[in-house]
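Undergrad: below are the sequence and a predicted model; questions follow.
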2 protein chains.
Amino acid sequence: MKKNYLLTPGPTPLPPQVCEAMARPIIHHRTPQFQAVLKEVTEGLKLVFQTKNDVFILASSGTGAMEAAVVNLLSPGDSALAIQGGKFGERWTEICQAYGITAEVMDVEWGEAADPSQIEKKLKANPKIKAVFTTLCETSTGVTNDIEAIGKAVKETAAVLVVDAISGLGAIPLSTDAWSCDIVVSGSQKGLMLPPGLGFISVSPKAWKLIESAKSPKYYFDLEAAKKALEKTDTPFTPAINLVVALSEALNMMKADSLENIFLRHKKMAEATRQAMKALGLELFAPTCASDAVTAVKVPAGIDGEKLVKTMRDTYDVTIAGGQAELKGKVFRIAHMGYIEKTDIIAGISCLEKVLQQMGYKFNLGAGVKAAQEVFND
Amino acid sequence: MKKNYLLTPGPTPLPPQVCEAMARPIIHHRTPQFQAVLKEVTEGLKLVFQTKNDVFILASSGTGAMEAAVVNLLSPGDSALAIQGGKFGERWTEICQAYGITAEVMDVEWGEAADPSQIEKKLKANPKIKAVFTTLCETSTGVTNDIEAIGKAVKETAAVLVVDAISGLGAIPLSTDAWSCDIVVSGSQKGLMLPPGLGFISVSPKAWKLIESAKSPKYYFDLEAAKKALEKTDTPFTPAINLVVALSEALNMMKADSLENIFLRHKKMAEATRQAMKALGLELFAPTCASDAVTAVKVPAGIDGEKLVKTMRDTYDVTIAGGQAELKGKVFRIAHMGYIEKTDIIAGISCLEKVLQQMGYKFNLGAGVKAAQEVFND
């Protein structure tokens, strides 16, 4: 019997309700039947985004929604500030560069959070900056940035704040409106408990103003076309129908649970994971600003990090993530995001202990699981 | 009991095997398990495209793959020839315009096929044309263009031939290599029997040469990045995992059936549909170049075309398509593409007869069904 425990920061496991919804006979997208679904999920997403802004669903992965933000907001030659503290922060810079936008890069040490006062200074020093590109949860390092504080810094300027919440939305707090986030982008395969294939993007009135004058070329990701279509409960191009139908199920589950409970569950799972790692004598990669969506852990000396991940997955059917880019082999990452519960965390830690022991790492067997149990018993 | 018969030119009905595959627990995309699937479906697509060229899978709908063709091949200021004989031909022009590419438009009467000798003339008259954008099956009018002849005309020039085969690939013949198609784009929700959400694109060596020097901005749809990733059996961004897994099932069905049988089945269903329409005294919209993937039929005088489609769908659970753009209300379209068999066609014609009779159209009840039966009995 093979039963896989998926503890990766995207894709995350699928609830049976979502699987069932995807397997239903497909409906045509230019029908009142689909329009009812599209209307419902658009409203549901607004609850999750905590916004009254427009929210659009794109047939793309999260990166497509990131590109939509850049090309709709800016023109070639415009200046932007890209906060770069990991692989996904770097993506903002890359997209800006691809479209001839001057990205001033604010480098943040990997494993640390961006300092909002630094952003404030950068914006004061360069009033030409039209957009600030940030990351809610930097999946590659397991860091959560203080978007609320960044929002306060950006709000008072002419610049718009763009947040990559692909990892984190629906798992950890993000108040789009209260925190003055002008554009928030996300994807389906993380907190939203769906397979990858949908991108989401919210747009504030301040962002729309900039969009009106932006001249970057665009077609598939044109948000003004998306807005015009959505006014008629439609999409400019064929939507990913069965993912949208499945989104309706996922949002129903989230509404029944409540955002408050969801955030609390993620917080508890993250705390249990962190305590377990400490009990095993392992070091967190981002001890001061650890995300409640994913925990990055330093691979201990003498242990082959890639082999650890591979053995857990291929021999014991527990899939965690290794390190990306410069962190390859140096960290492993345990996600506690989406359709994951405390039992999955206990299972994951137990498997980690098993493989660490096999690989010759010294610790007290059971210490990690026990530490997690204690957190869950609180 | 509600049981819907979907006879629309995208989405098309889903085979149960595809539904089952989509509902499976999701696997992570950076694993040998997913790599095995990606490798298998990439090879399988090459069979369906009838090509040895590179084929890439994008997380987007077909329009995303069309944009990928334009932005990877051309630079702002370049000249292209866009063959425009319906709503989807127009899309090529729109994408070119969005990216500052000069699209010379060759207008073709809606309902007629493009004349390959005209294309030859245009290319001779304007040697600056770098790409010719065409449509295999123009879904909005039910026309199939003679891509083989167009391929012969374009082959001898410096221009590359780009074919929108979103509607038609895997349903009607298209020999990418034998017909000298440099780029073929397609989507998942038509002949490939999947939900929408995947775009496909094949690239010939002649196209790669042009791509190397093209300067249009791009990131999400960058084919050179896709090529580099695929060399490591990877994708640049998160793929639409469960659609790719389902694609493997759809391709297995197609391989078991054989392209030859698939094309024959579509041809027979199309002929049955056309004969049925004639027997009902209805006029085909594209009598001389009718597609074997979808049949467009003129709405007879005195009948409300939109009400016809709506009644069939909402009262009798048979979904056909109405007209698009300037054909709205003037035609209806019956698809016979993908996971559709003769029984579905008989059911669709029978329902059409029922509603036409209710709406006061004069004909012999059963005449359409009988004409279709006769074709299937041949």
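TA: Thanks, I have the structure now.
Undergrad: going forward, measure contacts between C-alpha atoms and count neighbours the same way
TA: OK.
Undergrad: end to end, how far does stretch A:76-88 reach?
TA: Separation of the first and last residues of stretch A:76-88 by C-alpha to C-alpha, to the nearest Å is 22 Å.
Undergrad: now tell me what touches that stretch from outside.
TA: Identification of contacts with stretch A:76-88 by C-alpha atoms under 8 Å, 6 or more residues apart in numbering or on different chains yields A:89-90, A:92-93, A:99-114, A:128-135, A:138-141, A:215-216, A:324-325.
Undergrad: what do you get for stretch A:103-121?
TA: A:79-86, A:93, A:96-97, A:141-146, A:149-150, A:153-154, A:285-289.
Undergrad: re the thing from before, now the buried members of the contacts of stretch A:76-88.
TA: With burial judged by 16 or more other C-alpha atoms under 10 Å in any protein chain shown, the buried subset of these is A:89-90, A:92-93, A:99-106, A:110-114, A:129-135, A:138-141, A:216, A:324.
Undergrad: looking at those, which are in helices?
TA: A:G89, A:E90, A:W92, A:T93 (DSSP state H).
Undergrad: nearest spatial neighbour of A:S175, skipping sequence neighbours?
TA: A:Q50 (5.2 Å; C-alpha to C-alpha, 6 or more residues apart in numbering or on different chains).
Undergrad: how near is that neighbour to B:D107?
TA: 48 Å.
Undergrad: could you pull out the helices for chain A?
TA: Assigned by DSSP H, chain A shows helices spanning A:16-22, A:32-49, A:62-73, A:87-98, A:116-125, A:147-155, A:205-213, A:223-230, A:241-257, A:259-279, A:305-314, A:342-358, A:367-377.
Undergrad: quick one, the longest one and helix A:241-257 angle?
TA: Read that as helix A:259-279. Helix A:259-279 and helix A:241-257 are oriented at 90 degrees to each other (axes from the mean of the first three to the mean of the last three C-alpha atoms, to 10 degrees).
Undergrad: what residues go with each domain of chain A?
TA: Using automatic domain parsing, the domains assigned to chain A come out as A:5-10+A:258-377, A:16-256.
Undergrad: could I get those in TSV, plus columns for distance to B:F221 and mean pLDDT?
TA: Below are these laid out as TSV (distance: least, C-alpha to C-alpha, whole Å; pLDDT from 0 to 100):
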stretch	distance to B:F221	mean pLDDT
domain A:5-10+A:258-377	21	97
domain A:16-256	9	98
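Undergrad: distance to B:A367 added to those domains, as JSON lines?
TA: Listed next are the domains of chain A as JSON lines, based on distance: least, C-alpha to C-alpha, whole Å:
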{"stretch": "domain A:5-10+A:258-377", "distance to B:A367": "55"}
{"stretch": "domain A:16-256", "distance to B:A367": "28"}
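Undergrad: for these, which one sits closest to B:Y5?
TA: Of all the domains of chain A, it is domain A:16-256 that lies closest to B:Y5, at 9.8 Å by C-alpha to C-alpha.
Undergrad: could you give the separation between the terminal residues of the closest one?
TA: Its first and final residues considered, domain A:16-256 spans 16 Å by C-alpha to C-alpha.
Undergrad: got it, and stretch A:43-60?
TA: One end of stretch A:43-60 sits 20 Å from the other (C-alpha to C-alpha).
Undergrad: what does stretch A:165-174 give?
TA: Start-to-end, stretch A:165-174 (C-alpha to C-alpha) is 8 Å.
Undergrad: and what of stretch A:167-180?
TA: One end of stretch A:167-180 sits 19 Å from the other (C-alpha to C-alpha).
Undergrad: same question for stretch A:53-71.
TA: Criterion C-alpha to C-alpha; first-to-last residue distance in stretch A:53-71 is 19 Å.
Undergrad: now do the buried residues in that stretch.
TA: Buried, per 16+ other C-alpha under 10 Å, within stretch A:53-71: A:53-71.
Undergrad: who touches the residue minimising distance to the centre of chain A in this structure?
TA: Residue closest to the average C-alpha location in chain A (C-alpha atoms, centre = their mean): A:S167, at 0.9 Å. Taking C-alpha under 8 Å, 6+ apart, we find A:S167 in contact with A:P9, A:G10, A:L136, A:C137, A:E138, A:T139, A:S186, A:G187, A:K190, A:G191, A:A293.
Undergrad: thanks again, I'm all set now.
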